[in-house]
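>>> show me the folded form of this:
(one chain, ligands or ions: 1)
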Amino acid sequence: MPDSAREVLLSVRGVRKSYGARPALKGVDLQVCAGEFVALLGPNGAGKSTLFQLLTGLFNADAGQVQVCGHDMRVAPVSALGRIGVVFQQMTLDMDLSVEANLVFHARLHGLGPRLAAARIDDALARLGLGERRGDRVRELSGGNRRKVELARALIHRPSVLLMDEATVGLDPASRRHLLDEVLGLRATGVGVLWASHLVDEAEAADRVLVLHRGELLAEGAPAALVQASGRASLAEAFLDMTGAGAAAPA
Ligand SMILES: Nc1ncnc2c1ncn2[C@@H]1O[C@H](COP(=O)(O)OP(=O)(O)OP(=O)(O)O)[C@@H](O)[C@H]1O
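The predicted structure is shown next:
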């Protein structure tokens, strides 16, 4: 369970979604609190992307409720979405625009004035070690640096909740580690993170792990607690027991 002393930033209750007759989410409940890193671990087809689409307002759930900082996604979508930053599984930068132009575009979408946008872009690029690359077209960057730019973009409006959907897919081990460490470091700023992955090692440092399988949450707890409850030696083995998935190690 989440720490009851912390503010709940993201609340999902009883969320259901089907594609035709096929259920993708069968009544999911979860919370993410301020300064918390929650790993949503699930094999392919578990329903992670469907959940993220609901959380980002791309479509509505068949039933249930999503609230961001107290704003209901159905009733007040603009307020709810304004508190969210997201990095989707598929890259969504404009490859032919520069790093800076991509960030400026997004800052304007969020209503940031030119001065504030410039200051935040300077700050983000410096922190991510991309200051020298600001004028480069995204097409010229490595996969790891593209993901860093997406992270900078997701944070430009200072969201309360950061959603990361399989954000390390296709990255080499060092780039995966850098991105994960960068996001783990956001806890100190009070941002609540929901990190979806099928890679167990990415969940090892989470405050809580949620195991999603075939549209249902099978387990929830700190990594060590899940391992202990499973009677297995590692989180990877516990996850394999629960899901039967061959997802313990990165591809
Ligand atoms: N647009 C769609 N139409 C029909 N079925 C879909 C659609 N999108 C997802 N599904 C099905 O819903 C279930 C959940 O899929 P989803 O993509 O949300 O899972 P996931 O955990 O993100 O998996 P992956 O890591 O493979 O993307 C799967 O059975 C999938 O086949």
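>>> tell me if I'm right that residue 128 and residue 154 touch.
No. Between residue 128 and residue 154 there is no contact under Cβ atoms under 8 Å: 11.9 Å. (C-beta placed from N, C-alpha, C; glycine too.)
>>> for stretch 182-198, buried residues please.
182-184, 186, 191-198 (16 or more other Cβ atoms under 10 Å).
>>> how distant is that stretch from the center of its chain?
8 Å (Cα atoms, centre = their mean, to the nearest Å).
>>> likewise for stretch 5-12?
Here stretch 5-12 is found 15 Å from its chain centre; the criterion is Cα atoms, centre = their mean.
>>> and if you look at stretch 134-143?
23 Å.
>>> repeat for stretch 45-54
On Cα atoms, centre = their mean, the centre of stretch 45-54 falls 11 Å from that of its chain.
>>> again, but for stretch 230-238
With Cα atoms, centre = their mean, you get 24 Å for stretch 230-238.
>>> and stretch 119-136, how far apart are its ends?
With Cα to Cα, to the nearest Å applied, stretch 119-136 spans 19 Å between its terminal residues.
>>> need the residues that contact that stretch.
98-100, 103-104, 107, 112, 141, 145, 148-149, 151-152, 155-156, 158, 182 (Cβ atoms under 8 Å, 6 or more residues apart in numbering).
>>> thinking again about what came up before, intersection of neighbour lists for residue 128 and residue 154?
By Cβ under 8 Å, 6+ apart, no residue touches both residue 128 and residue 154.
>>> before we move on, the earlier item: out of the contacts of stretch 119-136, which end up buried?
Looks like these have 98-100, 103-104, 107, 112, 141, 145, 148-149, 151-152, 155-156, 182 buried, using 16+ other Cβ under 10 Å.
>>> and the strands in this structure?
Shown for the chain, the strands assigned by DSSP state E span residues 8-19, 22-33, 37-41, 63-68, 71-72, 84-87, 161-165, 192-197, 208-213, 216-221.
>>> list the neighbouring strands of the fifth one plus their orientation.
Meaning strand 71-72. Next to strand 71-72 in the sheet, as set by DSSP bridges, lie strand 63-68 (antiparallel).
>>> pull out the buried positions in the strand it pairs with.
64, 66-68.
>>> circling back to that earlier point, save the buried residues of stretch 182-198 as JSON lines, and put in distance to residue 175 and pLDDT too.
Compiled in JSON lines, those are given as follows (distance: Cβ to Cβ, whole Å; pLDDT from 0 to 100):
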{"residue": "182", "distance to residue 175": "11", "pLDDT": "94"}
{"residue": "183", "distance to residue 175": "13", "pLDDT": "96"}
{"residue": "184", "distance to residue 175": "15", "pLDDT": "97"}
{"residue": "186", "distance to residue 175": "18", "pLDDT": "95"}
{"residue": "191", "distance to residue 175": "21", "pLDDT": "97"}
{"residue": "192", "distance to residue 175": "24", "pLDDT": "98"}
{"residue": "193", "distance to residue 175": "18", "pLDDT": "98"}
{"residue": "194", "distance to residue 175": "21", "pLDDT": "98"}
{"residue": "195", "distance to residue 175": "15", "pLDDT": "98"}
{"residue": "196", "distance to residue 175": "18", "pLDDT": "96"}
{"residue": "197", "distance to residue 175": "14", "pLDDT": "93"}
{"residue": "198", "distance to residue 175": "17", "pLDDT": "91"}
